[in-house]
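Trainee: Have a look at this fold, sequence not included:
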């Protein structure tokens with residue numbers, strides 16, 4: 001059985017909202033669950049490749065659309081779901097998976113990154129997940145499903161940014177930019193952790209342990225089901 005199944009906008013649209021994901025995190029003792037998943041990542045020596053993300057979506061997609069990131073901005077892109085694949089060719093480059101949900105003993109991609117023609121093949125990630133990491137992927141899936149966490153956590157590529165970032169959802173786009181500590185405190189809302197990973201400190205060159213790499217900030221601007229959500233990325237807790 002294949003470890004990774006093709007992309008489906010239907011699966012994407014079934015993902016929980018940020019509010020639903022936050023509630024699920026609290027109910028499952030999310031902090032402890034994250035630590036167990038990060039320990040597995042460290043045991044397999046793949047902390048430079050993978051992290052853990054809170055499974056959620058910000059808006060729905062149409063059939064034959066995928067959420068694709070380019071230079072920190074994620075928007076819906078037109079793709080061909082009938083191609084029955086995990087990656088897509090477009091504009092002379094490739095749309096490759098960035099995050100995967102766990103479904104029935106397999107991974108399915110739900111967020112993507114675009115790599116243009118100027119990216120050398122050797123610098124691109126694998127088309128699905130790194131083939132040499134299949135054993136880790138199998139154990140990640142087993143651990144998530146055995147703990148009943150497939151609706152709460154997903155696998156994501158490790159953050160490469162050394163700086164704190166703010167991701168703002170505006171309409172159908174998620175835009176990421178740097179933010180300072182004082183600006184973060186001025187947001188005045190609840191910060192919901194959304195992704196975790198290991199980072200190396202430049203002073204020692206050693207793994208510094210688990211740190212939050214991204215958190216979510218949410219406030220309502222209208223009816224209960226209409227809201228604006230912010231994410232904050234960081235390399236420290």
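Mentor: Everything's here; your move. Since we're looking at a predicted model, the values are computed, not measured.
Trainee: Any idea what residue 108 is bridged to?
Mentor: residue 101 (DSSP bridges).
Trainee: So it sits against residue 3, correct?
Mentor: No. Using C-beta atoms under 8 Å, residue 108 is not in contact with residue 3; the gap is 10.3 Å. (C-beta placed from N, C-alpha, C; glycine too.)
Trainee: Where in the chain is the helix or strand with the lowest mean pLDDT?
Mentor: Ranked by mean pLDDT, DSSP states H and E, the weakest helix or strand in the chain is strand 207-220, scoring a mean of 45.
Trainee: now the helices for this structure?
Mentor: Applying DSSP state H to the chain gives helices spanning 9-13, 18-27, 30-43, 134-146, 181-185.
Trainee: can I get the ones you listed in TSV with mean pLDDT, mean neighbour count and distance to residue 82?
Mentor: Below are the helices of the chain laid out as TSV (pLDDT from 0 to 100; neighbours: other C-beta atoms under 10 Å; distance: least, C-beta to C-beta, whole Å):
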stretch	mean pLDDT	mean neighbour count	distance to residue 82
helix 9-13	96	16	12
helix 18-27	91	17	30
helix 30-43	93	16	33
helix 134-146	96	17	26
helix 181-185	55	11	43
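Trainee: So for residue 195, which of those sits nearest?
Mentor: With C-beta to C-beta as the measure, helix 30-43 is the member of the helices of the chain nearest residue 195 (9.6 Å).
Trainee: From residue 116, how far out is residue 194?
Mentor: Distance of residue 194 to residue 116, computed by C-beta to C-beta, to the nearest Å: 27 Å.
Trainee: cool, residue 35 as well?
Mentor: When distance is defined by C-beta to C-beta, residue 35 is 37 Å away from residue 116.
Trainee: same check, this time on residue 48
Mentor: Distance from residue 48 to residue 116, by C-beta to C-beta: 23 Å.
Trainee: neighbour-wise, which of these two wins?
Mentor: residue 48 (14 against 11; other C-beta atoms under 10 Å).
Trainee: Residue 94 pairs with what?
Mentor: residue 89, residue 115.
Trainee: Just the pLDDT for it.
Mentor: pLDDT, residue 94: 91.
Trainee: My guess is it contacts residue 113. True?
Mentor: No. The pair residue 94 / residue 113 is not scored as a contact, 9.3 Å apart, by C-beta under 8 Å.
Trainee: coming back round to it: the helices of the chain: which one's closest to residue 67?
Mentor: That would be helix 9-13 among the helices of the chain, by C-beta to C-beta, at 7.1 Å.
Trainee: helices or strands up against that closest one?
Mentor: With contacts taken as 3 or more C-beta pairs under 8 Å, 6 or more residues apart in numbering; DSSP states H and E, helix 9-13 sits against strand 65-70, strand 106-115.
Trainee: please redo it, this time with the cut-off set to 10 Å
Mentor: strand 65-70, strand 93-103, strand 106-115 (3 or more C-beta pairs under 10 Å, 6 or more residues apart in numbering; DSSP states H and E).
Trainee: Between these, which one is closest to residue 9.
Mentor: strand 65-70 (5.7 Å).
Trainee: Kind regards, and thank you for your time.
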